[in-house]
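Q: below are the sequence and a predicted model for it; my questions follow.
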Amino acid sequence: MEVKNKKTCYVTTPIYYSSGNVHIGNSYTTIACDVFARYYRFKGYDTFYLTGMDEHGLKIEEAAKKAGKDPQDFVNQIAKETKLLWKELNISNDDFIQTSELRHTKVVQQIFEQLLQNGDIYLGYYEGDYCVSCEAFFTKTQVGEEGICPDCGKPTRKVKEESYFLRLKKYSARLLKHIADNPDFIQPESRRNEVVSFVEQGLEDLCVSRTSFKWGIPVLSNPKHVVYVWIDALCNYITALGYGTNNPALFEKYWLKGDTVAHVVGKDILRFHAIFWPIILMALNIPLNFKLYVHGWVLMKEGKMSKSVGNIVFPRDVTSRYGLDSLRYYLVREMPLGNDCLFSYDRFVERYNTDLANDLGNLVSRTIAMINKYFKGYVIKPEQILNPISVELSKFASETIEKYQDYFANFRFQNGLIEVWNLINRANKYIDETSPWVLAKDETKKEELNEVMYHLYESLRLIAMMISPVIPGTAETILSNLNVSYANRAWNKLVFGVTTREKVQEKIEVLFKRLDVLEEQKYHQNKTAKAENKVNAKAEITITDFEKVDIRVGEILEANKMEGSDKLLIFKIKIEDSVRQIISGIAQFYQPQELVGKRVLVVANLKPVTIRGHLSEGMILTASSSKDSLEIIQVMKENSFAKIS
Ligand code: MSP
């Protein structure tokens, strides 16, 4: 039997859908988990950091088809690209699991059979509105008359199929008890409360198989079914550790006997992790010894990042211009646990200049330059402390370390970084308060000057150690500029005053070069304009495509504002002998009365739709010359009514 001599930490990211779309939002999760893993390694824990890809399901099957690829080749390619990206972002994961790997699929099949045999899974029928994009069923009330997915706005499909179900109700009481007995099981508290009230409302059994697509893990005893993606996906957290195989050593070490087990997820997948996953574990008789940290989203000023809005920021967009550590720092510094944060280049540049170039960068360059200038690069531990401000600084540093440890151990990186930056600013202020350049002019103040240099050196050593999980590259540069030995970088040396004598580097590079705010704004405005042009440019069509559009001249008989909407007008339009109702989003550009009597172009063969309960049977053609204008296209000749197509 292995003797355990170190505490352990197991941390996981959600596994990402193989859509090839890793932006700064999901990179946040991976970076934050990396910070957690690096922090626990630093603390001396035997740490295992897992990430990977969620590769099954209809959406991926369809994406592969569209790309003209076999699903396995398709997901392998995306996994390869994602691994490369994580390497570039300096992610220190110990494993990378793909759910199409045999080590995973085999165990999921066994798990499914075991749940069936125990009666936790049963066969039934599922009927409902299914959204392919979100891989989820929705209720009638959620999708409304039009069958629109409430999450992504795309049309859902009606699906009725034989399906296996996981019994959830059976475990509700046990789950609620676990949540009550372990107040830090789901963090932050607001998310925990959300889960409790959801469970208390009553749980419906969960559909856990599909027969309508093939790209999934077949159910062993009934292979026309594939295991539905969530049961498949969630189990990655234990299959990667060898659960259910003849080599479960990692599972035993990191899970069964583990000290810290942390799943980190975004708020959109809270229920899957806080309800379904614990229930699966209970049904398998596996202890629920994990904590769930739930973070919000990285939002853009327009809201979520989306392809159609064209506002997706990819990590390389940022790192290619500003380097890696500024991105890692920004995301971790800006995101509070539980809530959303905003990404904008203006804010990014501001943080870069203020926190990194000014506060941290200046402290490093001033300290090292002064130690070189006044003591030829040497710092020596003073025998006695003469200045009370020095005592204050070392006390401040010790208090910061305590708070930092508490925050970082509990995934509160934003709070932890605020404390570290308070110390950075305290140390910068200490330089102004002690005015070393004045002390240097007086030979009798040599000892006092050495004391100041030593206190700055020690503060900086501690600061670099504390930020090392977040910006490892920068921390390493600072520590080697200070020539800190590996022994003095260890966890037990995270205390003020361990250095006895050291010689710093003579010449150092600037860590973060100050950015010119206006230049950066111009650069991003140009880039956005180019991207907008790209988004607006539509794919080429043939004349046959165009001929499908039936454009007619119509006369506006009536125009009225739609109640409760600032944008929509309701028109009655005469086209030849019939009158149609058409809704158009031009209320911001026209007063309804001024349009009555106008002859306009109408797309007459557009499929009718209901907008806010009103039927719309066509579309009035408009044109825009700029982003903020929209004009109706009018027909000049009084009696022209012929079909144009
Ligand atoms: N495959 C599932 C997870 C299965 S875990 C057993 C999934 N994948 S995902 O690729 O859509 O999302 C992965 C993670 O990225 C989620 O935690 C999600 O919250 C997070 N994010 C996606 N967009 C995000 C932002 N804009 N900001 C922060 N996190 C974001 O869900």
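A: Right, received. Where do you want to start? Numbers count the residues shown, from 1 in each chain.
Q: could you check how many residues crowd around the residue of the chain found nearest the ligand?
A: Per Cβ to the nearest ligand atom, Gly266 is where the chain lies closest to the ligand, at 1.7 Å. Where C-beta positions appear, they are placed from N, C-alpha and C, glycine not excepted. By the measure other Cβ atoms under 10 Å, the count of residues near Gly266 is 19.
Q: His614 too?
A: When neighbours are defined as other Cβ under 10 Å, His614 has 15 of them.
Q: next one: it from Lys572, what distance?
A: 12 Å (Cβ to Cβ, to the nearest Å).
Q: now the common contact residues for those two.
A: Gln581 (Cβ atoms under 8 Å, 6 or more residues apart in numbering).
Q: quick one: least confident helix or strand in the protein?
A: Ranked by mean pLDDT, DSSP states H and E, the weakest helix or strand in the chain is strand 136-138, scoring a mean of 76.
Q: partners of the helix or strand hosting Ile570 in the sheet?
A: Here Ile570 sits within strand 569-575, counting by DSSP states H and E. Strand 569-575 pairs in its sheet with strand 551-561 (antiparallel), strand 578-584 (antiparallel), by DSSP bridges.
Q: return the set of buried residues in that strand.
A: 569-575 (16 or more other Cβ atoms under 10 Å).
Q: equivalent analysis for stretch 115-128, please.
A: 115-116, 120-121, 126, 128.
Q: pipe those residues into JSON lines and attach distance to Asn450 and secondary structure per row.
A: As requested, these are exported to JSON lines (distance: Cβ to Cβ, whole Å; DSSP: H, G, I helix; E, B strand; the rest coil):
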{"residue": "Leu115", "distance to Asn450": "69", "secondary structure": "helix"}
{"residue": "Leu116", "distance to Asn450": "74", "secondary structure": "helix"}
{"residue": "Asp120", "distance to Asn450": "70", "secondary structure": "coil"}
{"residue": "Ile121", "distance to Asn450": "72", "secondary structure": "strand"}
{"residue": "Tyr126", "distance to Asn450": "76", "secondary structure": "strand"}
{"residue": "Gly128", "distance to Asn450": "75", "secondary structure": "strand"}
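Q: surely Gly242 meets Pro248?
A: Yes - Gly242 is within contact range of Pro248, at 4.7 Å (criterion: Cβ atoms under 8 Å).
Q: neighbour count for these two, which is higher?
A: Taking other Cβ under 10 Å, Gly242 and Pro248 do not tie; Gly242 has more neighbours (19 against 15).
Q: name the SS class of that one, please.
A: Recorded secondary structure, Gly242: coil (DSSP: H, G, I helix; E, B strand; the rest coil).
Q: got the contact list for it?
A: Neighbouring residues of Gly242 by Cβ under 8 Å, 6+ apart: 103, 248-251.
Q: may I see the ChimeraX selection of the buried members of the residues you listed?
A: Of the contacts of Gly242, the buried ones go into a single ChimeraX selection, burial set by 16+ other Cβ under 10 Å:
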select :250,251
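Q: for Phe165, what are phi and psi?
A: Main-chain torsions, Phe165, degrees, to the nearest 10: phi -130, psi 140.
Q: flag every residue of this protein that's near the ligand.
A: By Cβ under 6 Å from any ligand atom, the residues of the chain that approach the ligand are 14-17, 25-26, 28-29, 54, 233-234, 265-266, 268-269, 297-298, 305.
Q: buried ones only from the residues you listed, please, as a PyMOL command.
A: The PyMOL command for the buried members of those (criterion: 16+ other Cβ under 10 Å) is given here:
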select buried, resi 14+15+16+17+25+26+28+29+54+233+234+265+266+269+297+298+305
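Q: ok, back up a step: make JSON lines out of the buried residues of strand 569-575 and add pLDDT.
A: What follows is those, written out as JSON lines (pLDDT from 0 to 100):
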{"residue": "Leu569", "pLDDT": "94"}
{"residue": "Ile570", "pLDDT": "94"}
{"residue": "Phe571", "pLDDT": "94"}
{"residue": "Lys572", "pLDDT": "94"}
{"residue": "Ile573", "pLDDT": "94"}
{"residue": "Lys574", "pLDDT": "92"}
{"residue": "Ile575", "pLDDT": "91"}
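Q: for those, which one is nearest Met282?
A: Ile570 (54.4 Å; Cβ to Cβ).
Q: so how far is Glu506 from that closest one?
A: Distance from Ile570 to Glu506, by Cβ to Cβ: 77 Å.
Q: cool, Tyr228 as well?
A: In this view, Tyr228 and Glu506 are 62 Å apart by Cβ to Cβ.
Q: what do you get for Thr260?
A: 42 Å.
Q: what about the helices in the stretch 351-500 of the chain?
A: Counting by DSSP state H, counting those that start in this stretch, residue ranges of the helices within the stretch 351-500 of the chain are 362-375, 388-409, 413-434, 436-439, 446-467, 472-481.
Q: just send those helices back as TSV, with mean pLDDT and mean neighbour count too.
A: Converted to TSV, the helices of the stretch 351-500 of the chain look like this (pLDDT from 0 to 100; neighbours: other Cβ atoms under 10 Å):
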stretch	mean pLDDT	mean neighbour count
helix 362-375	98	19
helix 388-409	98	17
helix 413-434	98	18
helix 436-439	97	16
helix 446-467	98	23
helix 472-481	98	18
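Q: low-confidence ranges, this structure, go.
A: 1-4, 531-540, 625-627, 639-645 (pLDDT under 70).
Q: export whichever strand or helix holds Lys160 as PDB, just CAs?
A: Lys160 is part of strand 157-166 when elements are defined by DSSP H and E. Coordinates of each C-alpha in strand 157-166 appear next as PDB, following Å, rounded to 0.1, in the frame of the first residue of the first chain:
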ATOM      1  CA  ARG A 157     -37.300  20.200 -32.800                       C
ATOM      2  CA  LYS A 158     -40.100  18.000 -31.600                       C
ATOM      3  CA  VAL A 159     -38.700  14.700 -30.500                       C
ATOM      4  CA  LYS A 160     -40.400  11.500 -29.200                       C
ATOM      5  CA  GLU A 161     -38.200   8.600 -28.500                       C
ATOM      6  CA  GLU A 162     -37.700   5.600 -26.300                       C
ATOM      7  CA  SER A 163     -35.300   6.700 -23.600                       C
ATOM      8  CA  TYR A 164     -33.600   5.700 -20.400                       C
ATOM      9  CA  PHE A 165     -34.200   7.800 -17.300                       C
ATOM     10  CA  LEU A 166     -32.200   8.400 -14.200                       C
END
